[in-house]
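> A predicted structure for the sequence below; I have some questions about it.
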Protein chains: 2
Amino acid sequence: MENNPILIPERKLSAFVVDVLSAVGVPTDDATIVADCLLTANLSGVDSHGVVRLAHYIRRLENGTIKARPHLTFTRTAPAMGLLDGGDGLGHVVAYHATTHAMDLAAEAGTSVVVVGNSSHFGMAGFYVLRMVEAGYAGVSMTATDRMLVPYGARKAFFGTNPICFGFPTDGIPVVLDMATTSIAWGKVALAAVEGHPIPDSWALDAQGNPTTDPRAVAGLHPAAGPKGSGLAMVIDIFCSLLAGMPWGPHINRMYAEMDAPRHLGHLIMAIDVNRFLPLARFKQNLAAMVQELTALEPAAGFDQVHYPGQLEGLQRAQRRATGIPIEAGLADELAQLGQRYHVPFPAS
Amino acid sequence: MENNPILIPERKLSAFVVDVLSAVGVPTDDATIVADCLLTANLSGVDSHGVVRLAHYIRRLENGTIKARPHLTFTRTAPAMGLLDGGDGLGHVVAYHATTHAMDLAAEAGTSVVVVGNSSHFGMAGFYVLRMVEAGYAGVSMTATDRMLVPYGARKAFFGTNPICFGFPTDGIPVVLDMATTSIAWGKVALAAVEGHPIPDSWALDAQGNPTTDPRAVAGLHPAAGPKGSGLAMVIDIFCSLLAGMPWGPHINRMYAEMDAPRHLGHLIMAIDVNRFLPLARFKQNLAAMVQELTALEPAAGFDQVHYPGQLEGLQRAQRRATGIPIEAGLADELAQLGQRYHVPFPAS
């Protein structure tokens, strides 16, 4: 997938992200949260949500549509429930604090729902769930995004790719299902565009609502499993946008195409204290047995092994922690130039 | 789909269900809950989860693997959380009470999770969610089921079809997404078997893990959207079976094939009090705007209109309430014979 990637140690790449964010006025603690989120994506092999997004965040921080020092306001609206206003801050920082509140509430009430408004792109949904499962909670995270998914039976994009993530604690690699509601990952379309080859006409629609084989003409993706992915995208938009009183569906600010206004994104974070249902150790034991039996199943033709959700990402994290994170040459150039603007040397140079 | 169906008024069909259940010792209140659940499915057009299942429930009530008068035990394990032991009762009755507890807890805490153990087949997942949305809650229901879904990359069934349902209150037909995690509904396979025609070889696998075109040889269905439906089925099994300490995956008692033991099924019910985030009237107004814009989208080729989840079921309920419920001749015969055993006349006869 990458053209001559260079391998950069996690620690050095993380320090670079922190230093660049700090240079545009983001407090060190907040910059560290963003770096953790981006690096967790890169380590997990989810490079589409890693440092490739840094230049975009910097542009929005510089034009003020993301605030470097936002005012976050948390309101506990019920014993197990809260609303976090993100003050147009970095989504990673806002969602990180929402996750802390969700765990605090669940520690008291057993479970909790925290809805977030006035946020922005929060990176990889699994980052927040990984934090919760490490603390012994079952966790759910989801976010609204700007329009890309063409509803079942329609011709044009209306909902976002609206990812949802579920996770459960284990003693090994946690079970984490992190999925978009579209059938094809946007990253595959973007890659075809970069590499200049056509895509199958079943993947996507153009701005007129017709199937297209030109990856640069894509204006909408089909939902996963037709009415199911389409319905899930709507459910997630209701949970994230409507419960938070934010813009929804086609009214959500477009991440890249509408750079002149804050994003006003909504998210939802939920925590469940497993220990209040049964001893955490027993839960982990039972989940380990499920994972063991599942991964021991005879694989289908074309598969080496049956994997559980989050397993490959966990294996990738261990490997990339040891070997470094592969950064493709074009991205390395972009990051090096970004660093130069703020007198932060890129670790590869 | 039906062969010479007869139309039976909801009220008469419901009374028949109540009378037959009462005849095998189910208390009237409980029999009424089961009848409401089955009739809601039939009214909604989800006939696979309606009165067609009555004979099965009666067989299990008669052999004692479902208890007519179960002892239900609710333990509030945390302020927003509870565990309901269903005492091997009818799943509809058990899940109905779990839903009541979930709403009671959410009325106090804002949100709640109730996990259910020692239950049995609970019918249509949407029945419990419809109750919650009518009371102004956003609701989630899900259940473990016996093995049918072949995990992504595997050859044999391991998880159940494990349906999940989400719903939100409106002033009209509520938004209700009720979906199984398999790609093809079991009902389509069953219909092909009854009608004696082959199925496409992409639909299902036989007991040896090979694709089959014989609907009577089907032993496993593919997950919806590959790893996504497969992962969701696992997530639902963890929420329903593991949190409740119940058997999971391939260890779950088979509804039809293992009639000699109780089912020990787990479910999960969740309620969110919308009103604790924003005034319910404003939420409904915003959701109505979303629904209006979505359904006004230009339809794709082959579609008359874009629908929202639960809309067609709601329209069907209104129509069947007026015209009666179509019961196909073979099912009418089966129900009439069942009624004769308990001296309960079938309303069509």
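Okay, I see it.

> the strand or helix carrying A:His267 vs chain B: in contact?
Taking DSSP states H and E as the definition, A:His267 sits inside strand A:265-273. Yes - contact between strand A:265-273 and chain B, assessed by Cβ under 8 Å from any Cβ of the partner chain, occurs at A:272-273. The C-beta positions use only the backbone N, C-alpha and C, and glycine is treated the same way.

> got a list of contacts for the helix or strand following that strand?
Where DSSP H and E defines the elements, the next helix or strand beyond strand A:265-273 is helix A:280-295. Helix A:280-295 is touched from outside by A:136, A:168-172, A:175, A:274, A:277, A:305-308, A:311, B:151, B:154, B:158, B:234, B:237-238, B:242-243, B:245, B:248-250, with contacts defined as Cβ atoms under 8 Å, 6 or more residues apart in numbering or on different chains.

> got the angle for helix A:280-295 vs strand A:265-273?
With axes from the mean of the first three to the mean of the last three Cα atoms, to 10 degrees as the basis, helix A:280-295 and strand A:265-273 are set at 110 degrees to each other.

> what pLDDT, on average, does helix A:280-295 get?
Mean pLDDT, helix A:280-295: 98.

> chain center to that helix: distance?
Average the C-alpha atoms of helix A:280-295, do the same for its chain, and the two points are 26 Å apart (Cα atoms, centre = their mean, to the nearest Å).

> list the buried ones in it?
By neighbour count, with 16 or more other Cβ atoms under 10 Å in any protein chain shown as the criterion, the buried positions of helix A:280-295 are A:283-284, A:286-287, A:290-291, A:294-295.

> just give me the neighbour total for A:Asp214.
Other residues lying near A:Asp214 total 13 when counted by other Cβ atoms under 10 Å in any protein chain shown.

> show the pLDDT at it.
Note on A:Asp214: pLDDT of 96.

> what sits against the closest residue to it other than its chain neighbours?
Once flanking residues are discounted, A:Asp214 sits nearest to A:Pro198: 6.6 Å by Cβ to Cβ, 6 or more residues apart in numbering or on different chains. Contacts for A:Pro198 (Cβ under 8 Å, 6+ apart) come out as A:192, A:213-215.

> looking at the residues you listed, which are in strands?
Secondary-structure check on those using DSSP state E: no residue lies within strands.

> relative to A:Gly89, which of those is nearest.
Compare each of the contacts of A:Pro198 with A:Gly89 using Cβ to Cβ and the shortest gap goes to A:Pro215, at 32.8 Å.

> now do the same contact list for that closest one.
Listed by Cβ under 8 Å, 6+ apart, the contact partners of A:Pro215 are A:189-190, A:192-193, A:197-199, A:204.

> lowest-confidence one in these?
Least confident by pLDDT among the contacts of A:Pro215: that is A:Ala190, with 85.

> okay, the contacts of A:Pro198 in a markdown table with distance to A:Thr182 next?
Below are those laid out as a markdown table (distance: Cβ to Cβ, whole Å):
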| residue | distance to A:Thr182 |
| --- | --- |
| A:Ala192 | 15 |
| A:Thr213 | 18 |
| A:Asp214 | 18 |
| A:Pro215 | 14 |
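
> now, which of those residues sits nearest A:Ala322?
Scanning those for proximity to A:Ala322, where the rule is Cβ to Cβ, the winner is A:Ala192, at 31.2 Å.

> ok, now which ones touch that closest one?
Counted by Cβ under 8 Å, 6+ apart, A:Ala192 has contacts A:198-199, A:215.

> can you tell if stretch A:313-325 touches chain B?
No - judged by Cβ under 8 Å from any Cβ, stretch A:313-325 makes no contact with chain B; its nearest approach is 11.9 Å.

> where does the residue nearest to A:Asp214 land in three-state SS?
At A:Pro198, secondary structure determined by DSSP: H, G, I helix; E, B strand; the rest coil is coil.

> for it, phi and psi?
When quoted as degrees, to the nearest 10, the phi and psi of A:Pro198 stand at phi -70, psi 160.

> with A:Phe74 instead?
Here A:Phe74 shows phi and psi, under degrees, to the nearest 10, equal to phi -110, psi 130.

> that one is in contact with A:Met81, isn't it?
No - counting by Cβ atoms under 8 Å, no contact exists between A:Phe74 and A:Met81, whose distance comes to 11.2 Å.

> so which of the two has more stuff around it?
Neighbour comparison, A:Phe74 and A:Met81: the larger count goes to A:Met81, with 26 against 16 (by other Cβ under 10 Å).

> ok, now how distant is that one from chain B?
According to Cβ to the nearest Cβ, to the nearest Å, A:Met81 and chain B sit 3 Å apart.

> how about the residues of the stretch 51-200 of chain A near chain B?
The interface of the stretch 51-200 of chain A toward chain B, taken as Cβ under 8 Å from any Cβ, is made up of A:77-81, A:83, A:108-113, A:115, A:138, A:151-156, A:158, A:166, A:168, A:175, A:177, A:179, A:183.

> got a list of contacts for the strand or helix carrying A:Leu335?
The secondary structure element spanning A:Leu335 is helix A:329-341 (assigned by DSSP H and E). Under the criterion Cβ under 8 Å, 6+ apart, residues A:3-6, A:16, A:19-20, A:51-52, A:54-55, A:58, A:327, A:345-346, A:348-349 lie in contact with helix A:329-341.

> export the contacts of A:Ala192 to TSV and tack on distance to A:Leu221?
What follows is these, written out as TSV (distance: Cβ to Cβ, whole Å):
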residue	distance to A:Leu221
A:Pro198	16
A:Ile199	11
A:Pro215	11
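
> can you tell me which of these lies closest to chain B?
When these are compared for distance to chain B (Cβ to the nearest Cβ), A:Ile199 wins out at 18.0 Å.

> neighbours around that closest one, how many?
Using other Cβ under 10 Å: A:Ile199 sits among 20 other residues.

> mind listing what it touches?
A:Ile199 is in contact with A:188-189, A:192, A:212-215, A:218, counting by Cβ under 8 Å, 6+ apart.

> apply 6 Å and report the result again.
Taking Cβ atoms under 6 Å, 6 or more residues apart in numbering or on different chains, we find A:Ile199 in contact with A:192, A:213, A:215.

> quick one: those residues as JSON lines, columns for distance to A:Met255 too.
Conversion of the contacts of A:Ile199 to JSON lines gives the following (distance: Cβ to Cβ, whole Å):
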{"residue": "A:Ala192", "distance to A:Met255": "20"}
{"residue": "A:Thr213", "distance to A:Met255": "25"}
{"residue": "A:Pro215", "distance to A:Met255": "18"}
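
> quick one: which of the residues you listed sit in helices?
A:Ala192 (DSSP state H).

> and the contacts of A:Ile199, which is closest to B:Pro262?
Checking the contacts of A:Ile199 one by one against B:Pro262 (Cβ to Cβ), the nearest turns out to be A:Ala192, at 53.0 Å.

> for chain A, which spans come out with low pLDDT?
Chain A contains residues with pLDDT under 70 at A:1-3, A:349.

> kindly recompute the last result at 50.
A:1-2 (pLDDT under 50).

> and the buried ones among the contacts of helix A:280-295, selectable in ChimeraX?
In ChimeraX, selecting the buried portion of those, with burial taken from 16+ other Cβ under 10 Å, looks like this:
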select /A:136,168,169,170,175,274,277,306,307,308,311 /B:151,154,158,234,237,238,242,243,245,248,249,250
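
> state the distance from A:Ala192 to A:Asp30.
35 Å (Cβ to Cβ, to the nearest Å).

> cool, and A:Ser44?
Counting by Cβ to Cβ, the gap between A:Ser44 and A:Asp30 amounts to 22 Å.

> check A:Tyr152 too.
Counting by Cβ to Cβ, the gap from A:Tyr152 to A:Asp30 is 39 Å.

> list the buried ones in stretch A:63-80?
Buried positions in stretch A:63-80, judged by neighbour count with 16+ other Cβ under 10 Å: A:65-68, A:70, A:72, A:74, A:76-80.
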